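Student: Quick one: sequence plus predicted model below, questions after.
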Amino acid sequence: MFCRCAVSSFAVCFVALPVLLPVLLPVGLCAGFQSCFAHLLFGPTSGVNPPAASPIANSPGGVDSALAGLPALAVAEAHNAQPGADRGGRYPLSRSRFERALQLLQQSGQPAPEGQEGEPAWMEAMIDALVDLSSKDALTGLANRRAFEIALAREVDRVARSGESALLLTLDIDHFKKVNDTWGHPAGDQVIKAVASALVDSVRPMDLVARVGGEEFAIILPNCAAAFGETVAERVRRRVERMPVAITAVATSAHAPTLNVTVSVGGAFAPQWVRSTPALWQERADQQLYMAKSQGRNLVRLEPTAQSVVSSEEKRLLFESFQTLDHE
């Protein structure tokens with residue numbers, strides 16, 4: 001009697017389970033389990049109709065919204081793939097994301113990646129292009145603030161370990177608001193681009209020129225000795241001063257004006273053999289820039305020597321590093 005009841009219960013559950021699966025399991029896994037049970041119940045040559053098309057493909061929000069919140073295995077099953085890749089080894093990213101990435105590259109003037117879309121080599125080229133795009137200023141092509149801060153942190157750490165000198169220059173276009181107010185913002189953009197080009201021409205290829213604000217720039221000069229700091233900064237200032245900027249397409253004027261632009265420059269050397277921070281280094285350079293602007297603009301002001309006075313914050317960082325070494 002017990003055996004008969006057990007067999008009957010098992011048979012009922014075995015037959016009812018495919019019906020209950022759509023309620024119990026995510027959509028992406030139901031079709032696979034139903035197909036498997038149909039194979040066991042009716043055999044491989046049965047006339048059972050295939051499961052209906054998944055509602056994922058017809059969801060109002062598309063594939064991405066339908067798959068949101070499902071387990072990883074269910075998402076992979078919905079893509080008919082192993083987790084992380086489809087049958088061709090490609091990543092299961094939606095078409096809309098590819099199109100948005102390609103639009104960003106097209107707007108920036110960069111060519112689309114070569115090769116078959118979705119292949120690993122194509123994906124690597126796409127990622128490289130997007131990384132390059134995210135580290136550059138859209139207007140000038142210089143390093144943007146994100147790339148500048150990464151380079152500044154790397155350089156201040158290198159100077160602290162190696163003792164080699166490095167100079168940070170911060171620059172600001174003088175009376176830039178007057179340019180925008182008089183000739184318009186398109187003219188201001190042309191001035192910014194011209195100054196950016198002049199700064200790049202004034203320094204070495206190994207130096208990093210960045211646009212860190214509206215009319216604010218910064219230059220990191222590794223291995224720049226204190227004896228040459230003033231010379232380099234003056235060369236940059238004079239290069240901009242001697243560069244006339246021809247403004248084109250100005251709606252407020254019948255003729256194309258030519259503007260004379262100047263910059264104020266402040267600079268500071270990273271403290272050698274001292275554990276410092278990028279913020280402290282940049283603050284010192286900014287202090288010199290404020291001095292140059294307050295004293296008349298179109299000037300260069302650098303800290304007197306490369307051996308900057310160690311601040312209390314830098315002393316704290318230095319002593320903490322010694323204490324850490326003692327504990328080790």
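Tutor: Nice, thanks for sending it over. What you are looking at is a predicted structure, and each value in this text was computed from that prediction instead of being measured.
Student: so where's the stretch 151-300 of the chain shaky on pLDDT?
Tutor: 249-255 (pLDDT under 70).
Student: For it, which segments count as strands?
Tutor: With DSSP state E, counting those that start in this stretch as the criterion, the stretch 151-300 of the chain has strands at 166-173, 208-211, 216-222, 244-246, 258-260, 263-269, 300-302.
Student: Tell me which strands the fourth one pairs with, and in which orientation.
Tutor: Meaning strand 244-246. strand 258-260 (antiparallel) (DSSP bridges).
Student: now do the first one
Tutor: Applying DSSP bridges, strand 166-173 is found paired with strand 216-222 (antiparallel), strand 263-269 (antiparallel).
Student: same deal with the last one?
Tutor: The strands beside strand 300-302 in its sheet (DSSP bridges) come out as strand 263-269 (parallel).
Student: returning to what we had before: quick one, which of the strands paired with strand 166-173 is packed in tightest?
Tutor: Most buried of the strands paired with strand 166-173 by mean neighbour count (mean count of other C-beta atoms under 10 Å) is strand 263-269; its value is a mean of 26. (Each C-beta comes from the backbone N, C-alpha and C, glycine too.)
Student: Now do the buried residues in stretch 114-134.
Tutor: Gly118, Trp122, Met123, Ala125, Met126, Ala129, Leu133 (16 or more other C-beta atoms under 10 Å).
Student: now swap in stretch 198-206 and tell me
Tutor: Ala198, Leu199, Ser202, Val203.
Student: Over to stretch 157-168?
Tutor: So for stretch 157-168, counting by 16+ other C-beta under 10 Å, buried means Val159, Ala160, Ser165, Ala166, Leu167, Leu168.
Student: Bridged to the fourth one, which residues?
Tutor: The bridge-partner assignment for Ala166, based on DSSP bridges, gives Pro222.
Student: For it, give me its contacts.
Tutor: By C-beta atoms under 8 Å, 6 or more residues apart in numbering, the contact set of Ala166 is Glu155, Val156, Arg158, Val159, Ile220, Leu221, Pro222, Asn223, Cys224, Phe269, Ala270.
Student: One more pass at 6 Å, please.
Tutor: Shown in contact with Ala166 (C-beta atoms under 6 Å, 6 or more residues apart in numbering): Glu155, Val159, Pro222, Ala270.
Student: distance of the first one from Ile219?
Tutor: Taking C-beta to C-beta, to the nearest Å as the criterion, Glu155 is separated from Ile219 by 11 Å.
Student: and what of Phe269?
Tutor: 13 Å.
Student: Over to Arg316?
Tutor: Separation of Arg316 from Ile219 (C-beta to C-beta): 29 Å.
Student: I figured Ala292 was touching Gly267, is that so?
Tutor: No - using C-beta atoms under 6 Å, Ala292 makes no contact with Gly267, being 9.4 Å away.
Student: how about the buried residues of stretch 157-168, which pair is most distant?
Tutor: Spatially, the most separated pair among these is Ala160 and Leu167, at 15.2 Å (C-beta to C-beta).
Student: Can you give me the domain boundaries for the chain?
Tutor: 2-48+55-104, 145-320 (automatic domain parsing).
Student: avg pLDDT for the shortest one?
Tutor: Confidence for domain 2-48+55-104, expressed as mean pLDDT, is 49.
Student: quick revisit: nearest to Asp137, of the contacts of Ala166?
Tutor: Using C-beta to C-beta, those come closest to Asp137 at Glu155, 19.2 Å.
Student: Thank you kindly, that will do.
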